[in-house]
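J.: Below is the structure, and that's it, no one-letter string:
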């Protein structure tokens, strides 16, 4: 079963209006050429079904680059006294898949995506990718300044708490790796469980130090699960 938001001509007109309203309400942008946005909400799982001919992957690639540029400029101006390494770390945190997926959920992006239901896929990732594709569509439709305004004022300006991100540890796994190298401890991450249920792909990872269990993490991605496990391991080491 696949979700087709654009079927008959009458229905297509109604859904185009719904997609236009979604962009205005959530992104603060009124599409000029709705065809860009129809592609932006089309996942590859529905290609060759109905009239779908192009997925949003190319727009996602474009949107990812634009998002990176906008956030890089914003950070450069906001933190004039910070060096390249600090800005790079903060940028990667802000545009991470985790943040994009959280924003997508708040925006209810799932309600406008065309995708194959019932397959083993991570819907959170699909939503995050769709946001980037929509940025790409906005760029093609309205130019850089239009998408920049949407990103800084309507999306990240509204849904990303930069102060909170600054207060958080940026990379627990890297900190743990450095600590283990310094002390010549053997460090290993092992997947002990992988759930491939439709729309709920999760990993459970345990971090071992010198073959001893120091903590586990469960998340929708291996990277995030490793971060959670690493944080617990660091806390355990501090309490020894």
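T.: Cool, the structure landed. Fair warning: this is a prediction, and the values are worked out from it, not measured in the lab. Numbering: from 1, shown residues only.

J.: Per the annotation, how does the chain divide into domains?
T.: With domains defined by automatic domain parsing, the chain comprises 9-167, 172-238.

J.: Least confident secondary structure element in the chain?
T.: In the chain, no helix or strand scores lower on mean pLDDT, DSSP states H and E than helix 162-167, which sits at a mean of 72.

J.: that older thread, could you dump the domains of the chain to TSV with mean neighbour count?
T.: C-beta here means a position set from N, CA and C on the backbone, and glycine is covered the same way. As requested, those are arranged in TSV below (neighbours: other CB atoms under 10 Å):
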stretch	mean neighbour count
domain 9-167	17
domain 172-238	16
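
J.: tell me the helices in the chain, going along the chain?
T.: In the chain, the helices defined using DSSP state H lie at 9-22, 34-40, 57-78, 84-94, 97-107, 123-142, 144-149, 156-159, 162-167, 172-183, 222-238.

J.: where among the ones you listed is the average confidence lowest?
T.: The stretch with the lowest average pLDDT out of the helices of the chain is helix 162-167, scoring a mean of 72.

J.: related to what we said a few turns ago, and the helices of the chain: which comes nearest residue 189?
T.: Nearest to residue 189 among the helices of the chain is helix 222-238 (5.5 Å), distances taken as CB to CB.

J.: helices or strands next to that closest one in the packing?
T.: Helices and strands touching helix 222-238, by 3 or more CB pairs under 8 Å, 6 or more residues apart in numbering; DSSP states H and E, are helix 172-183, strand 187-197, strand 200-209, strand 212-219.

J.: what's next to that helix, contact-wise?
T.: 98, 169, 171-173, 175-176, 179, 189, 191, 202-207, 209, 214-219 (CB atoms under 8 Å, 6 or more residues apart in numbering).

J.: and what of stretch 99-111?
T.: Under the criterion CB under 8 Å, 6+ apart, residues 22, 26, 93, 123-125, 127-132, 155-156, 159-160, 220 lie in contact with stretch 99-111.

J.: okay if I get the helices of the chain as JSON lines plus distance to residue 115?
T.: Output for those, formatted as JSON lines (distance: least, CB to CB, whole Å):
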{"stretch": "helix 9-22", "distance to residue 115": "15"}
{"stretch": "helix 34-40", "distance to residue 115": "13"}
{"stretch": "helix 57-78", "distance to residue 115": "13"}
{"stretch": "helix 84-94", "distance to residue 115": "26"}
{"stretch": "helix 97-107", "distance to residue 115": "13"}
{"stretch": "helix 123-142", "distance to residue 115": "6"}
{"stretch": "helix 144-149", "distance to residue 115": "23"}
{"stretch": "helix 156-159", "distance to residue 115": "22"}
{"stretch": "helix 162-167", "distance to residue 115": "29"}
{"stretch": "helix 172-183", "distance to residue 115": "31"}
{"stretch": "helix 222-238", "distance to residue 115": "22"}
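
J.: and of the ones you listed, who's closest to residue 47?
T.: helix 57-78 (10.0 Å).

J.: Show me what that closest one is packed against.
T.: Using 3+ CB pairs under 8 Å, 6+ apart, the elements in contact with helix 57-78 are helix 34-40, helix 84-94, helix 123-142, helix 144-149.

J.: What is the last one packed up against?
T.: In other words, helix 144-149. With contacts defined as 3+ CB pairs under 8 Å, 6+ apart, helix 144-149 has these neighbours: helix 57-78, helix 123-142.

J.: Looking at these, which is nearest to residue 34?
T.: Of those, nearest to residue 34 by CB to CB is helix 123-142, at 8.8 Å.
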